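> next come a sequence and a model predicted from it.
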Amino acid sequence: MSTISDGFTEFFSASNATPHFDFIVCGSGSSGSVVAGRLAAHPDVSVLLLEAGGDDETPPVRMAAQWPLNLGTERDWNFHASPGRWVNGRSVPMSMGKVLGGGSSINTMIWAWGHRNDWDYFAAQSGDPAWGYESVLDIYRRIEDWHGATDPRYRGTGGPVFVQTAPDPHPIAYAAVESAKSAGIPTFDSHNGEMMERSGGASILDLRVRDGYRESAYRSYVHPYRGQPNLTVLSGALVTRLVLDGTTVSGVEFVHGGATYRADAGSDVVLSLGAINTPKLLMQSGIGEDVHLRQHGIPIVQHLPGVGQNFQDHVGFDCLWESAEPITPHNNGVEATYFWRSDTSLDSPDLQTCQAQFAKSSSPENTRRFSPPEAGWNLFPGLVQAKSRGEIRLTGARPSDPVDIDANFLSHPDDVQAAITAVELAREIGNSAELRPFTKREIMPGPLKGAELERFVRDAASTYWHQSGTAKMGTDALAVVDGRLKVYGINGLRIADASIMPRVTTGNTQAPCVVIGERAVDILRADHALPVAPQSTSES
């Protein structure tokens with residue numbers, strides 16, 4: 001029976017028996033939708049997909065230009081980091097998708113592969129070459145439906161993932177790319193492919209937008225199968241506990257409409273809840289650092305000290321310019337980017353900047369200090385290989401108890417210096433001759449130096465919404481999953497989301513999360529002897 005909330009009560013209350021599925025996927029984001037959709041392509045395999053949020057049939061989700069309207073709504077988990085010493089005592093908001101499609105339904109729709117060195121690092125950490133760049137490049141070619149110049153080395157067509165370079169970009173996007181070029185940054189036709197094998201570059205962005213509509217992971221992977229009897233999709237279903245028989249996961253408990261239900265899995269449960277909720281569920285189910293779990297009275301099932309550790313994110317800093325006339329955003333309003341290095345000794349970029357076609361400041365402190373205008377545009381330089389590490393900890397044993405997010409942004413002194421370099425480069429590019437026709441004046445930060453520039457950076461620090469790393473893949477003492485995404489010491493449980501990243505990838509994380517989902521399905525097919533099923537094609 002295929003359902004999206006409607007008919008739920010009848011389905012789960014029709015008998016006293018606990019519903020049984022071959023696979024249960026928890027979370028419908030950029031990885032979970034891939035896993036559920038790919039498995040559902042096997043007609044003899046039953047799949048339950050659980051999503052805490054609601055339906056995606058709303059203009060702010062579907063219409064690409066309306067993505068900012070999702071932030072802070074019921075489609076956003078509305079997480080906040082704990083007040084951070086290194087960001088001047090601020091509590092940084094951390095949006096995360098709570099809707100069918102997860103983050104892929106509220107994000108900026110940028111499709112960024114990650115750098116060659118990221119994937120080769122994954123392979124080295126996991127001991128599995130299938131995570132390496134050349135193998136991942138095969139996945140990208142297989143899954144993309146690329147609408148651009150033919151490029152058989154890097155791009156594929158006919159896959160479920162519709163991708164194109166931003167069509168008809170605003171002239172200011174071209175000006176930003178040309179400005180980066182004048183600052184010595186090479187330009188490319190795409191920020192994917194060759195550019196992600198180099199030390200940096202600038203380009204118009206590749207987007208998951210078609211005819212003005214968002215292409216989410218849910219729409220690309222699950223929606224084509226939602227009428228099939230072997231796929232059950234339940235929205236408004238909050239997973240609260242793993243059901244364990246000793247150290248074997250046999251199912252999950254979840255809350256829907258105020259009542260608690262259970263579903264069993266004959267093969268595997270796959271957690272795709274994201275880098276905050278995945279470690280939370282693990283710990284509240286008894287999987288984590290034993291001392292911390294005992295503090296909250298949680299019986300220990302498996303001591304894994306790395307659960308909740310290694311928290312990473314891309315930290316950004318708004319730089320604003322006022323324009324003489326209002327700028328009407330094109331596509332998603334974010335169409336140009338450049339990647340560069342804060343230190344020439346680095347082997348890959350550690351900085352990324354995206355240009356936004358509106359004036360915004362993510363920091364209330366800097367909003368009060370600089371008073372952003374109504375008409376303007378933004379450069380958002382960010383650290384894509386920060387050295388600071390945070391952690392996710394429980395505040396209680398109940399599912400309703402919030403997590404403590406210690407983001408620890410800018411705690412490493414190298415990150416502060418890299419942030420200053422990123423802001424100074426953004427000012428050079430933003431004040432260039434190429435962008436002067438779109439500029440009335442610079443708003444922030446202006447020509448700050450020394451302690452004042454550092455204050456600006458610490459006050460400006462906000463998130464690119466790329467939380468990751470809290471259940472990392474590897475072989476060291478803090479690793480939570482192995483190269484086949486199995487949780488150490490636990491049977492019947494896999495993790496497939498950004499939490500398994502040993503380090504956050506270079507650039508926006510949607511595409512790497514889709515690859516993580518694809519890798520998970522390849523692994524599950526091999527381990528459960530499933531034949532390769534025909535892939536779906538993306539639909540709006």
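Ah, there it is.
> contacts, neighbours, all on C-alpha from now
Fine.
> so residue 71 touches residue 108, yeah?
No - using Cα atoms under 8 Å, residue 71 and residue 108 do not qualify as a contacting pair, with a distance of 11.2 Å.
> which parts of the helix or strand containing residue 140 are buried?
Secondary-structure element containing residue 140, defined by DSSP states H and E: helix 133-143. The neighbour-count check on helix 133-143 (16 or more other Cα atoms under 10 Å) flags 133, 136, 137, 139, 140, 141, 142, 143 as buried.
> ok, stretch 35-52 next?
By 16+ other Cα under 10 Å, the buried positions in stretch 35-52 come out as 35-42, 46-52.
> please apply the same query to stretch 381-390.
381, 382, 383, 384, 385, 386, 387, 388, 389, 390.
> what does that stretch contact?
309-319, 349-354, 405-412, 414-415, 418-419, 422-423, 426, 464, 503-507 (Cα atoms under 8 Å, 6 or more residues apart in numbering).
> and the residues you listed, which of them are buried?
By the neighbour-count criterion of 16+ other Cα under 10 Å, the contacts of stretch 381-390 include these buried positions: 309-319, 349-354, 405-411, 415, 418-419, 422-423, 426, 464, 503-507.
> residue 147 is in contact with residue 164, correct?
Yes - counting by Cα under 8 Å, residue 164 does reach residue 147; the two are 5.0 Å apart.
> which one of those two is surrounded by more residues?
Under the neighbour definition other Cα atoms under 10 Å, residue 164 and residue 147 were set side by side, and residue 164 has more, 20 against 15.
> now do the more buried one against residue 237, distance only.
As for residue 164, its distance to residue 237 is 34 Å (criterion: Cα to Cα, to the nearest Å).
> picking that back up, check which element follows the helix holding residue 140 along the chain.
Once the chain leaves helix 133-143, the next helix or strand it forms, by DSSP H and E, is strand 144-146.
> which parts of the stretch 101-250 of the chain are strands?
Assignment of strands within the stretch 101-250 of the chain using DSSP state E, counting those that start in this stretch yields the ranges 144-146, 161-165, 201-204, 206-207, 209-210, 213-214, 231-235, 238-245, 248-256.
> can you lay out those strands as JSON lines showing distance to residue 325 and mean pLDDT?
Formatted as JSON lines, the entries for these read as follows, by distance: least, Cα to Cα, whole Å; pLDDT from 0 to 100:
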{"stretch": "strand 144-146", "distance to residue 325": "35", "mean pLDDT": "98"}
{"stretch": "strand 161-165", "distance to residue 325": "26", "mean pLDDT": "98"}
{"stretch": "strand 201-204", "distance to residue 325": "23", "mean pLDDT": "98"}
{"stretch": "strand 206-207", "distance to residue 325": "26", "mean pLDDT": "98"}
{"stretch": "strand 209-210", "distance to residue 325": "26", "mean pLDDT": "97"}
{"stretch": "strand 213-214", "distance to residue 325": "26", "mean pLDDT": "98"}
{"stretch": "strand 231-235", "distance to residue 325": "43", "mean pLDDT": "97"}
{"stretch": "strand 238-245", "distance to residue 325": "46", "mean pLDDT": "98"}
{"stretch": "strand 248-256", "distance to residue 325": "49", "mean pLDDT": "98"}
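> can you show me the helices along the stretch 151-300 of the chain?
For the stretch 151-300 of the chain, helices defined by DSSP state H, counting those that start in this stretch occupy the ranges 171-182, 217, 274-284, 290-295.
> in the last one, which residues are buried?
The one in question is helix 290-295. Within helix 290-295, the residues scored as buried using 16+ other Cα under 10 Å are 290, 292, 293.
> can I assume the last one is in contact with residue 286?
Yes - look at residue 293 against residue 286 with Cα under 8 Å: they come within range, at 6.9 Å.
> so what's the residue count around residue 413?
Here the number of neighbours of residue 413 (other Cα under 10 Å) works out to 12.
> got the phi/psi numbers for it?
The phi and psi values for residue 413, taken as degrees, to the nearest 10, are phi -60, psi -30.
> around residue 211, how many other residues sit close by?
Residues near residue 211, counting by other Cα under 10 Å, number 10.
> roughly how far does residue 284 sit from residue 181?
Shown here: residue 284 relative to residue 181, a distance of 50 Å by Cα to Cα.
> same check on residue 230?
Using Cα to Cα, one gets 52 Å for the distance from residue 230 to residue 181.
> please apply the same query to residue 331.
Counting by Cα to Cα, the separation of residue 331 from residue 181 is 23 Å.
> so between the two, which is more surrounded?
Applying other Cα under 10 Å to residue 331 and residue 181 shows that residue 331 carries more neighbours, namely 25 against 17.
> got a list of what residue 28 touches?
By Cα under 8 Å, 6+ apart, the contact list for residue 28 reads 36, 49, 50, 51, 99, 100, 101, 102, 218, 272, 273.
> so what's the nearest residue to residue 148 once chain neighbours are set aside bridging to?
Once flanking residues are discounted, residue 148 sits nearest to residue 164: 6.1 Å by Cα to Cα, 6 or more residues apart in numbering. Applying DSSP bridges to residue 164 yields these beta-bridge partners: residue 207.
> would CSV of the buried residues of helix 290-295 with pLDDT and distance to residue 458 be doable?
What follows is the buried residues of helix 290-295, written out as CSV (pLDDT from 0 to 100; distance: Cα to Cα, whole Å):
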residue, pLDDT, distance to residue 458
290, 98, 34
292, 98, 30
293, 98, 33
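> just the residues you listed now: which is nearest residue 174?
Each of the buried residues of helix 290-295 was scored against residue 174 by Cα to Cα, and residue 292 proved nearest at 51.1 Å.
> domain ranges for the chain?
Under the assignment named as automatic domain parsing, the residue ranges that make up the domains of the chain are 1-162+214-313+387-409+466-534, 167-204+315-383+411-460.
> check the offset of the shortest one from the chain's centre.
Computed by Cα atoms, centre = their mean, to the nearest Å, the chain-centroid distance of domain 167-204+315-383+411-460 equals 21 Å.
> quick one: terminal-to-terminal distance for it?
Domain 167-204+315-383+411-460: ends 31 Å apart by Cα to Cα.
> check which element follows the least confident helix or strand in the chain by mean pLDDT along the chain.
Taking mean pLDDT, DSSP states H and E as the measure, helix 8-13 is the helix or strand of the chain with the lowest mean score, a mean of 57. Tracing the chain past helix 8-13, the next element assigned as helix or strand by DSSP H and E is strand 20-26.
> how far does that next one sit from its chain's centre?
Taking Cα atoms, centre = their mean, one finds strand 20-26 lying 23 Å from the centre of the chain it belongs to.
> name the residues that touch that strand?
When contacts are taken as Cα under 8 Å, 6+ apart, the neighbours of strand 20-26 outside the stretch itself are 32, 35-36, 45-51, 239, 251, 263-273.
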